[in-house]
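# Got a predicted structure here, sequence first:
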Protein chains: 4
Amino acid sequence: MGTGRVQAFSDGVIAIIITIMVLELQVPREANLAALVKIAPVLLSYLLSFVVVAIMWVNHHHLLYQAKRPSARLLWANNILLFWMSLIPFVTRYLGMNSRVPFAVALYGAVLTCNGAAFTWLRQSVNLHRVPDAEMAAYHLGMLRKSAYSTVLYAASVPLAYISVYLAFGVFVLIPVLYFLPERRLTEQAENDANKFSSPSS
Amino acid sequence: MGTGRVQAFSDGVIAIIITIMVLELQVPREANLAALVKIAPVLLSYLLSFVVVAIMWVNHHHLLYQAKRPSARLLWANNILLFWMSLIPFVTRYLGMNSRVPFAVALYGAVLTCNGAAFTWLRQSVNLHRVPDAEMAAYHLGMLRKSAYSTVLYAASVPLAYISVYLAFGVFVLIPVLYFLPERRLTEQAENDANKFSSPSS
Amino acid sequence: MGTGRVQAFSDGVIAIIITIMVLELQVPREANLAALVKIAPVLLSYLLSFVVVAIMWVNHHHLLYQAKRPSARLLWANNILLFWMSLIPFVTRYLGMNSRVPFAVALYGAVLTCNGAAFTWLRQSVNLHRVPDAEMAAYHLGMLRKSAYSTVLYAASVPLAYISVYLAFGVFVLIPVLYFLPERRLTEQAENDANKFSSPSS
Amino acid sequence: MGTGRVQAFSDGVIAIIITIMVLELQVPREANLAALVKIAPVLLSYLLSFVVVAIMWVNHHHLLYQAKRPSARLLWANNILLFWMSLIPFVTRYLGMNSRVPFAVALYGAVLTCNGAAFTWLRQSVNLHRVPDAEMAAYHLGMLRKSAYSTVLYAASVPLAYISVYLAFGVFVLIPVLYFLPERRLTEQAENDANKFSSPSS
């Protein structure tokens, strides 16, 4: 029994989470630019959450691929992660409607903190199955640390929202940027390795 | 023809059921803690149903894995289960809006009773394909009994709701707890077995 | 390139269609039996459509399994079927709100007629790939005829709704019953065959 | 690690996008033909977007099949495409409600332009993995050009909407027609090739 069905179920839930946020974008009554600009905070909240969920999916993609067996701990760590992810559409809409209210911004940060903690725990669950490859183990540990750091950063956004919502938004934008860059470098390296292996004669 | 597509379809339906409940969480107009506390029953109903559906998915995961062929009986027992599961978002919202009204609590219990009965029937359908392994057969019988017991407990919550809604909520919380613990023990045992097999020399 | 991804996409769309109908079940404000009885037509419309879509999924399951290659014709016949299936939630809700108005009943019948015609065309598309097995070809032809007959019956429900909505409802209930029975017999036979093959010594 | 999970996730998201548009079809209160005719623009917008998304899915189906490895660039080009696709239900509803207002028509054209550009970039990303087959490479280049051309046409619909919304609608109808025909020819050719290979003696 591989992790295929866990992946399929997670893909289903994440696909729905990332898509239903669009359902919550209420169409303005008037058809002009001013009406669209008025809902800009709603659209930007959607864009932010789409990026957050997409990054989580890409990391989940890489992570579950490495897990060989769906242990009970992995299964439940995954379900807990999916629970916290499922609250993202709710807080996204809340944020879009109240983008300058510290409470809404802090709540968004708090739910993302829980997501970060759940992801860290899931990675820890996979980590337990000892990885035989030294390079892979180092990569794993690096990603685990990154998960933990970004959880702490998200947690910091909660009090920061009460000082200035812009500081909290700074954190929300910073973390995806941090995740995006190294993830890219890493996969390119993996690609180079694959090229190396597939064309050893060149 | 394996049960692959039955699993894929079930995963799709269950993923949607577990996720659309979030769509029904209406965002309060005011952005403060008091507004959020006011919708606490709605959020707790969602949490309860998320746990119930997640447990059903985990058990469904284990169960369908064991079924080798998708017989007509299995297919329809599964469709009937999915029908009753599809009513969970409806009664969850009803419960969230009327968490102290016996009728809403009893209706939630009644729909979960039907779910329990449908799951028991589905397990019975799989059971029919005689299991060659004695240990597996004992596990199957144990799970079948547990399905039947929890169906009876859910049925009991219906009249209990009219005595006190808290008694019914006690049943709703008790059953997931009962399911969670042994499921965990069992999978850990399976994991130990797998470790034993994968490292016979140690 | 097999039909795997066509199946996966269809499963996704059908799973969503069958589940989002629940989202359209509006929870009554009052929590008592009278309020629930008042929305009985809505609940029964949902039950009817759930059964219709579940039967279509089961037949789709068997049909696509037999198609070896996803030709352009099959792909588009399938997309057209999915389009008509996607209108079922819309007409279901319309029917639930206006269950005694001939126009709403006739519209439901008309959309199911289009679904029947689209399914017949899809089966015809698969049929074109000549089936080598004589028994399979006979089964195929039988199912094709059944698709055509039920399309005609659904078409008849449109004028019947203007004579009496109960006549139209009679058709809506009759067709699933007709589909359910033979499908069951057939799969049981397939099962017996499989048993025969898997235990030739007994 | 193949592109299987990228396909599964994309299928999930596209299946949801194509289906949730139906949720936005608001059922008219009155059950008669006049009420239905009144929402004809909404229904036609839905039909148009269903066709657009279905064509994108078919092309995505063929495209990802050719990609052997999910590089970081492919993964993110795909996520960006899914983001723009996820806005289609929003602009579809906006268009349905304001089908004669240039701004709504232009916005629909603008989102489809972004979709076209994202699809072109995705195809370019796959193209980078050098295709060994000369015929395949020619096909690839042809499809890439077609993607680019239709992106330019969609971009032209934005100013055209301000001259006459009918001109813009002409573009919206023209592009699916152009896509549909050659796609069909091509797959039929592939089918002929497959027939040739599977029956070399005839």
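Perfect, I can see it now.

# alpha carbons only for contacts and neighbour counts from here, please
Will do.

# Pull the number of nearby residues for the residue of chain A found nearest chain C.
For chain A, the residue closest to chain C is A:G12, as judged by C-alpha to the nearest C-alpha, at 8.6 Å. Other residues lying near A:G12 total 27 when counted by other C-alpha atoms under 10 Å in any protein chain shown.

# pretty sure it contacts B:I16?
Yes - the pair A:G12 and B:I16 qualifies as a contact (C-alpha atoms under 8 Å) at a distance of 7.5 Å.

# which residues does A:F169 contact?
A:S157 (C-alpha atoms under 8 Å, 6 or more residues apart in numbering or on different chains).

# and the gap between it and D:L144?
38 Å (C-alpha to C-alpha, to the nearest Å).

# Could you do A:G96 as well?
A:G96 is 37 Å from D:L144, by C-alpha to C-alpha.

# next one: phi and psi at the residue lying closest to A:F119 once chain neighbours are set aside?
With sequence-adjacent residues excluded and distances taken as C-alpha to C-alpha, 6 or more residues apart in numbering or on different chains, A:F119 is closest to A:L81, at 6.2 Å. With angles defined as degrees, to the nearest 10, A:L81 sits at phi -60, psi -50.

# from what I can see A:L81 touches A:R123, true?
No - contact criterion C-alpha under 8 Å: A:L81 and A:R123 do not qualify, at 10.7 Å.

# okay, those two: which has more neighbours?
Neighbour count, other C-alpha under 10 Å: between A:L81 and A:R123, A:R123 has more, with 24 against 21.

# ok, the most centrally placed residue in chain A to C:Q124 distance?
Centrality entry for chain A: nearest residue to the mean C-alpha point is A:M56, 2.9 Å, by C-alpha atoms, centre = their mean. Applying C-alpha to C-alpha, the value for A:M56 to C:Q124 is 43 Å.

# Nearest to chain D: which residue in chain A?
Nearest residue of chain A to chain D: A:A15, at 5.0 Å (C-alpha to the nearest C-alpha).

# Leaving out sequence neighbours, find the closest residue to that residue.
Nearest in space to A:A15, with sequence neighbours left out and distances taken as C-alpha to C-alpha, 6+ apart, is D:V13 at 5.0 Å.

# contacting residues for the one you found?
Going by C-alpha under 8 Å, 6+ apart, D:V13 touches A:A15, A:I16, A:I18, A:T19, D:L82.

# let's see 7 Å
Contact analysis of D:V13 by C-alpha atoms under 7 Å, 6 or more residues apart in numbering or on different chains lists A:A15, A:I16, A:T19.

# Quick check, pLDDT for the first one.
As summarised for this prediction, A:A15 has a pLDDT of 86.

# Equivalent analysis for A:N115, please.
Per-residue confidence for A:N115 comes out at a pLDDT of 97.

# list the contacts for it?
A:L81, A:W84, A:M85.

# and chain A, which of its residues are near chain B?
Contacts of chain A with chain B, taken as C-alpha under 7 Å from any C-alpha of the partner chain, map to A:9, A:12-13, A:16-17, A:71-72, A:79, A:86-87, A:90, A:94, A:98, A:101, A:103-104.

# Who wins on neighbours among the residues you listed?
Tallying neighbours with other C-alpha under 10 Å puts A:V13 at the head of these, with 29 neighbours.

# Quick check: the closest residue to chain B within chain A vs C:T19, distance?
With C-alpha to the nearest C-alpha, the shortest gap between chain A and chain B falls at A:V13, namely 5.0 Å. Using C-alpha to C-alpha, we find A:V13 at a distance of 13 Å from C:T19.

# Could you do A:V53 as well?
Distance, A:V53 to C:T19, using C-alpha to C-alpha: 23 Å.

# Only the buried residues of whichever strand or helix holds A:V42, if you could.
Take DSSP states H and E as the rule and A:V42 turns out to sit in helix A:40-66. Under the neighbour-count criterion of 16 or more other C-alpha atoms under 10 Å in any protein chain shown, helix A:40-66 has A:41-43, A:45-46, A:48-61, A:63-64, A:66 buried.

# quick one: low-confidence ranges for chain A?
By pLDDT under 70, the weakly predicted segments of chain A are A:1-3, A:68-69, A:127-132, A:181-202.

# repeat that for 50
When residues are selected by pLDDT under 50, those of chain A lie in A:1, A:183-185, A:194-202.

# Could you pull out the helices in it for me?
Applying DSSP state H to chain A gives helices spanning A:4-23, A:33-38, A:40-66, A:72-86, A:88-97, A:102-128, A:134-163, A:165-198.

# quick one: the fourth one to helix A:40-66, angle?
So the one you mean is helix A:72-86. Counting by axes from the mean of the first three to the mean of the last three C-alpha atoms, to 10 degrees, helix A:72-86 points 170 degrees away from the direction of helix A:40-66.

# before we move on, back to that, could you identify the pair within the residues of chain A next to chain B that is furthest apart?
Among these, the pair separated by the greatest distance (C-alpha to C-alpha) is A:S71 and A:V101, at 41.8 Å.

# Number of residues surrounding A:A31?
Neighbours of A:A31 under the rule other C-alpha under 10 Å: 20.

# cool, A:A134 as well?
Residues within reach of A:A134, counting by other C-alpha under 10 Å, total 9.

# Need the CA coordinates for stretch A:143-154. PDB is fine.
Output of stretch A:143-154 as PDB, limited to C-alpha atoms (Å, rounded to 0.1, in the frame of the first residue of the first chain):
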ATOM      1  CA  MET A 143      13.300  22.000   4.500                       C
ATOM      2  CA  LEU A 144      12.300  21.100   8.100                       C
ATOM      3  CA  ARG A 145      14.200  24.100   9.400                       C
ATOM      4  CA  LYS A 146      12.600  26.300   6.700                       C
ATOM      5  CA  SER A 147       9.200  25.100   7.700                       C
ATOM      6  CA  ALA A 148       9.900  25.900  11.300                       C
ATOM      7  CA  TYR A 149      11.300  29.300  10.500                       C
ATOM      8  CA  SER A 150       8.400  30.300   8.400                       C
ATOM      9  CA  THR A 151       6.000  29.100  11.100                       C
ATOM     10  CA  VAL A 152       7.800  31.400  13.600                       C
ATOM     11  CA  LEU A 153       7.600  34.300  11.000                       C
ATOM     12  CA  TYR A 154       3.900  33.700  10.500                       C
END
